[in-house]
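**Q** based on what follows, work out the 3D shape:
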Amino acid sequence: MLPVEPLGMQSRQWQFLGRPREYVDATKETARPLALESTRRQFNTARDVLERLTGTFGEPRRGILLADDVGLGKTTVAALVAWVVAAAGQGRNVRVLAPNEVMQRRWKDELRSHVAPLNRCAAHLEKVHERWIKEGAVGRLTAGSIQVVRHRYASSDNNLACDLLIVDEAHRAKGEETAFSQALMMQRKYAKRVLILTATPFSIDIAELERMLALVDGDDARAQVRAYRRALDRLYGGNATRRPEDAAERLATAAQNAVDALRACVIRHGVADLPREVQAFGVQTEWPMEVGEASLAELELMLRIDRALGLARQAADESGKATNDPRFHVGWRHLDAERRRLEEELQTLEEPARAAVQGHLVAVARLRRDVGAHSKMRAVASAIRPVIEEGEKVLLFCHHHATAQELTVHLAGALGSLDLPRPPQKASWKAAWEEALAPNNGDAEDEGDGELRARFIDWLCSDSVRQQVWAWVTASGADGVPLADALRKAWARRVEARERIAEAASRLYDALTRSRSSRIVLAEGRLPGGRGSTRVMGVCQPTDVEREQMLFVDNQQPDTIIAIFNSPFGPDALVATDRLSEGIDLHRYCRHLVHYELDPSPIRTVQRNGRLRRVGSWAAVLGEPIRHAYPAFRGTRDHRLVQIMKKRVDSFSLLLGGVQTFDVDEVHDWEERWRNEVIAEARARLEQAGIRLHARPGGDVSR
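**A** Below you'll find the model as predicted:
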């Protein structure tokens with residue numbers, strides 16, 4: 001274990017963390033006003049982290065693992081800790097490792113948001129300034145600096161020497177052999193303190209948690225965590241003939257022992273454990289979405305393509321490869337691609353395999369003409385249409401690009417265009433927007449900024465966005481006043497909800513111009529929805545069909561579509577792959593989520609749900625629930641996958657996130673029933689286990 005060097009900090013330097021109400025008041029007029037209950041808990045957590053790292057009430061710890069549930073504001077807690085360390089004097093500095101460029105920008109935004117309230121409320125800290133936030137390679141950090149870089153920075157030749165190293169989304173270092181994981185283990189000795197952030201400390205393999213514990217010198221807890229891992233292995237892969245009561249006793253005992261051992265170095269809160277904050281996040285409820293039974297033609301179609309692939313692989317001596325592709329059960333696009341590939345390879349096959357495969361392909365082509373669009377896609381489109389017509393947005397997640405492509409194209413055709421009132425002509429809109437979005441200070445803009453603003457106004461005046469906005473104007477009863485005044489007075493999306501239309505447009509423009517990639521998209525006049533419909537947008541690999549190109553955005557740089565979806569403007573339905581399932585906020589104007597296609601890992605499903613369940617969500621603003629849909633194509637493997645996944649997601653927090661990935665074809669129903677009995681038996685004891693990892697209560701003097 002590495003020696004713990006003193007930090008020389010005193011608790012009076014974070015006294016402001018005992019006055020959350022004062023801090024919340026200081027943010028009321030900012031772009032990011034805080035909620036009192038969540039701020040109170042975040043302040044208490046930040047205080048506990050600082051006290052443990054500095055040894056205020058005992059021996060100082062070298063590292064802490066902050067494992068709060070998705071959406072609870074780990075970044076906010078860590079940003080507060082970072083500012084205290086950097087601004088407490090005596091030349092301290094901080095390095096932050098973020099997983100990607102999007103999260104890097106989010107970190108900088110988070111740090112900037114605390115500058116004004118800290119200068120107002122934290123009297124024992126030095127005056128903080130945005131210039132303290134550094135980006136990119138910095139050899140030796142200067143006093144008070146907070147460097148924000150990506151994970152790969154640790155894997156290069158850069159030295160991580162600092163007073164506090166913060167590693168965000170640290171579970172991405174899960175592989176023991178990854179360059180990032182190896183770099184962290186090698187370079188941790190250069191950081192005096194380490195703060196690890198992850199919402200999934202118990203992930204697909206709890207060995208990942210053991211590696212994280214090594215980063216924070218939590219070796220004392222590793223034995224109990226290893227014992228709990230063995231208990232989970234027995235639950236998911238052991239003898240399922242044991243008495244459920246006995247298995248539940250062993251599981252609960254192992255979980256409680258692991259929690260007791262982890263308390264010294266791990267802090268974790270679950271949303272379900274925080275009843276006073278539920279309203280700020282939005283209550284979750286299931287969104288029933290019925291999909292009919294697979295028809296005989298659909299079942300035959302899937303069986304025939306699967307049989308054709310199997311025969312082709314046997315002929316090529318590739319019999320060991322699986323052919324039951326899950327994409328066949330949720331869409332036809334990948335099936336069509338496989339059929340075309342087999343047709344091209346047909347002449348390379350020897351008889352009798354060639355004739356057998358050809359016979360199946362002829363039948364597959366006929367069946368595809370008969371079945372038409374996929375039943376699950378038709379059902380989902382029918383279910384979300386009335387929601388969109390009520391002015392709501394819907395987020396749909398897929399696991400594969402082919403499925404996301406097909407779903408995007410299908411929804412665009414099935415939803416069509418809304419029956420909306422015809423708006424005034426473009427010339428009137430342009431003049432109104434130029435007035436409503438005029439620079440506040442009256443100073444002349446730089447030529448580049450003026451060009452970007454003009455491009456943005458052009459987008460606001462496009463047919464689809466103009467019609468969308470006019471519907472809000474008429475719904476607010478503001479269509480009888482001058483258009484510029486209507487844009488300033490009418491509410492966006494829902495009457496008397498979050499923002500006025502002009503206010504929302506101004507915020508969106510600011511968000512777009514803060515991102516380097518979005519500025520390029522804006523300058524080139526390629527904002528999503530500017531051409532054609534704003535109804536549906538896909539964030540995945542675009543299709544090769546030219547007429548479909550306008551429906552997709554490049555998921556390598558998703559900043560633009562994230563900013564637009566978090567505004568009232570733009571797509572009503574956003575189809576995304578799991579690239580957007582982690583570290584992204586999509587909650588500002590959306591409370592409906594559809595798990596159209598599931599990843600085999602329950603972790604991923606929980607991460608998806610966290611995109612909408614965040615403080616200040618659209619659900620919380622409206623006082624209505626977040627709705628999660630798990631449509632299942634009955635009679636197929638998709639139905640079984642959904643059934644098993646829902647049970648395991650329900651047990652995620654209960655088992656401290658220790659749920660395992662699975663292959664639906666290898667899960668036996670009787671074993672899964674036994675597993676659910678064990679969890680139900682252990683539930684009463686396990687529900688209290690996680691609470692013991694909460695931050696220790698502090699001195700909130702502003703209650």
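
**Q** outline the domain layout of this protein.
**A** 11-270, 296-375, 421-532 (automatic domain parsing).

**Q** pick the most deeply packed of these.
**A** Most buried of these, by mean neighbour count (mean count of other Cβ atoms under 10 Å): domain 11-270, with a mean of 20. Glycine gets a C-beta too; all of them are placed from N, C-alpha and C.

**Q** now it: mean pLDDT?
**A** Throughout domain 11-270, pLDDT has a mean value of 87.

**Q** from the chain's centre, how far out does that domain sit?
**A** 18 Å (Cα atoms, centre = their mean, to the nearest Å).

**Q** a markdown table for the domains of the chain, including distance to residue 607?
**A** Output for the domains of the chain, formatted as a markdown table (distance: least, Cβ to Cβ, whole Å):
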| stretch | distance to residue 607 |
| --- | --- |
| domain 11-270 | 6 |
| domain 296-375 | 19 |
| domain 421-532 | 22 |
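
**Q** for residue 639, find the nearest of those.
**A** Residue 639 lies closest to domain 296-375 among the domains of the chain, at 8.5 Å (Cβ to Cβ).

**Q** which one of the domains of the chain lies nearest to residue 614?
**A** Here domain 11-270 is closest among the domains of the chain (Cβ to Cβ), at 4.2 Å.

**Q** give me the below-cutoff pLDDT ranges for the stretch 301-450 of the chain.
**A** 319-323, 417-420, 440-448 (pLDDT under 70).

**Q** and the strands in it?
**A** 393-397 (DSSP state E, counting those that start in this stretch).

**Q** and residue 143, how far from residue 126?
**A** Relative to residue 126, residue 143 is positioned 10 Å away (Cβ to Cβ, to the nearest Å).

**Q** go on, residue 56?
**A** Taken as Cβ to Cβ, the span from residue 56 to residue 126 is 20 Å.

**Q** for residue 61, same thing?
**A** 25 Å.

**Q** next: residue 395.
**A** The value you get for residue 395 to residue 126, if Cβ to Cβ is used, is 42 Å.

**Q** CA atoms only: put the helix or strand harbouring residue 278 into CSV for me.
**A** Residue 278 belongs to helix 278-281 when assigned by DSSP states H and E. Provided in CSV are the C-alpha atoms of helix 278-281 (Å, rounded to 0.1, in the frame of the first residue of the first chain):
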residue,chain,number,x,y,z
VAL,A,278,-37.8,11.4,-5.9
GLN,A,279,-39.9,14.3,-7.1
ALA,A,280,-36.8,16.2,-8.3
PHE,A,281,-35.8,13.1,-10.5
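
**Q** packing partners for the helix or strand following it?
**A** Using DSSP H and E, the helix or strand that directly follows helix 278-281 along the chain is strand 284-286. If you count contacts as 3 or more Cβ pairs under 8 Å, 6 or more residues apart in numbering; DSSP states H and E, strand 284-286 packs onto strand 626-629.

**Q** for the strand it packs on, what is the average pLDDT?
**A** Mean pLDDT, computed over strand 626-629, is 96.

**Q** sheet partners, orientation included, of that strand?
**A** Sheet partners assigned to strand 626-629 using DSSP bridges are listed as strand 284-286 (parallel), strand 590-595 (parallel).

**Q** any idea which of those strands scores lowest on pLDDT?
**A** strand 284-286 (a mean of 92).

**Q** how far does that strand sit from its chain's centre?
**A** The answer for strand 284-286 is 17 Å, by Cα atoms, centre = their mean.

**Q** show me what that strand is in contact with.
**A** With Cβ atoms under 8 Å, 6 or more residues apart in numbering as the contact definition, strand 284-286 has outside contacts at 609, 613, 625-630.

**Q** any quick ChimeraX command for the buried ones out of the residues you listed?
**A** Entered in ChimeraX, the line below selects the buried ones among the contacts of strand 284-286, by 16 or more other Cβ atoms under 10 Å:
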select :609,613,625,626,627,628,629,630
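
**Q** put together a markdown table for the contacts of strand 284-286, with distance to residue 120 on each row.
**A** Formatted as a markdown table, the contacts of strand 284-286 follow (distance: Cβ to Cβ, whole Å):
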| residue | distance to residue 120 |
| --- | --- |
| 609 | 35 |
| 613 | 30 |
| 625 | 36 |
| 626 | 33 |
| 627 | 39 |
| 628 | 39 |
| 629 | 44 |
| 630 | 46 |
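
**Q** now, among the contacts of strand 284-286, which is nearest to residue 106?
**A** Distances from residue 106 to those, taken by Cβ to Cβ, are shortest for residue 613, at 17.1 Å.

**Q** A strand includes that closest one, no?
**A** No: counting by DSSP: H, G, I helix; E, B strand; the rest coil, one finds residue 613 to be coil, located in no strand.
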